[in-house]
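A.B. asks: Provided below for reference: sequence and predicted model.
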Amino acid sequence: MKANSLFPVHPVTLLALVLSPFLFATARATIVFSDDFSDLSNWTKSAALTAESVTDTGNLFQKGTDNNYLKLVFASDGTAHSFNTTLAGTGPGTTGQISFDFYDPQAGGNGNGVVLRIGTGHANASTAFGLALRRGALLTANGGSVGLGSGITTYGYKVPHTLTVVFNNSASAITYGNGNYTLAGSALDVWLDGVRVGAGIASVSGNSALLGKDITAINFSDKSGYNGTLYIDNFEVRTDITIGSAIPEPAAWTLLAGLAMLAGTAAWTRLRR
């Protein structure tokens, strides 16, 4: 008997149809910069700042004892220090996502912590967005000096965390996370360990001339004589925004493909009888 004309789809075709949205999303994914800190060749630093690629013999980041991470040691010597990378020509544009793992090895620490500065250059006047990590807390960073602002959330010491920031340096709002999240223009969303902890954080005041310009520079800078240490790993910048999206992991891909194939085969068999 001929296959039912109302359902002429072969199982393989059905599988392709089911998976196509996910395959399309994966195809669009663009990582413009990543670093596992096996070496520090992608970065420059202030002379007085200690920056080292360290083997994770204690498995602090839970990636294995042969993994490497970045160790930043800030000394309170009366000068500012920064650890910088430039993305000119390969940057994410005006919108995107920056993520990295961090580990704070010590409670306390003197001074006002470390500020993640995102912008068109490495100076305060070139910073579009700022976010501070200070004594177990995440804070906004704003004003002419990109100094500490209000608290966002806290984090634990001697525990690995994943920090993700979604930035929008355009004038128009964007959506991400399968349309579940909206980020206004000239604003930042902050995610800690997969949870959005800060929404619509304003860009650095006084630097409105940067609005609409591509993000081409990222750095970590200490503030007000900070004396402390911070470990960083798995740094990534991408043009697509993946945080907040339910994209299947590899095991889920396999399960989804198997279920689609079984369902398609069963339907095909019935309709051919």
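C.D. replies: Okay, I see it.

A.B. asks: tell me the pLDDT of Asp56.
C.D. replies: The model reports Asp56 with a pLDDT of 99.

A.B. asks: state the distance from it to Leu70.
C.D. replies: 11 Å (C-beta to C-beta, to the nearest Å). Just so you know, the C-beta spots here come from the backbone N, C-alpha and C atoms, and that holds for glycine as well.

A.B. asks: quickly list what's touching both of the two.
C.D. replies: Here Asp56 and Leu70 share the contacting residues Asp233, scored by C-beta atoms under 8 Å, 6 or more residues apart in numbering.

A.B. asks: low-confidence bits of the stretch 101-250 of the chain, can you list those?
C.D. replies: Residue ranges of the stretch 101-250 of the chain with pLDDT under 70: 108-111, 224, 247-250.

A.B. asks: show me where it has its strands.
C.D. replies: Here the stretch 101-250 of the chain has its strands, by DSSP state E, counting those that start in this stretch, at 114-119, 127-134, 137-142, 147-154, 161-168, 174-176, 181-183, 187-192, 195-202, 217-222, 228-238.

A.B. asks: mind checking which of the ones you listed is nearest Tyr103?
C.D. replies: For Tyr103, the closest of the strands of the stretch 101-250 of the chain is strand 228-238, at 4.1 Å, according to C-beta to C-beta.

A.B. asks: quick revisit: for Asp36, which of the strands of the stretch 101-250 of the chain is the nearest?
C.D. replies: strand 228-238 (6.2 Å).

A.B. asks: using PDB, write out every CA atom in that closest one.
C.D. replies: Output of strand 228-238 as PDB, limited to C-alpha atoms (Å, rounded to 0.1, in the frame of the first residue of the first chain):
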ATOM      1  CA  GLY A 228      44.700  40.800  46.800                       C
ATOM      2  CA  THR A 229      44.800  37.800  44.500                       C
ATOM      3  CA  LEU A 230      42.300  36.500  41.900                       C
ATOM      4  CA  TYR A 231      42.400  33.300  39.800                       C
ATOM      5  CA  ILE A 232      40.700  33.300  36.300                       C
ATOM      6  CA  ASP A 233      40.200  30.600  33.700                       C
ATOM      7  CA  ASN A 234      38.200  29.800  30.500                       C
ATOM      8  CA  PHE A 235      37.800  33.400  29.300                       C
ATOM      9  CA  GLU A 236      35.500  33.700  26.300                       C
ATOM     10  CA  VAL A 237      34.000  36.500  24.200                       C
ATOM     11  CA  ARG A 238      31.200  35.700  21.700                       C
END
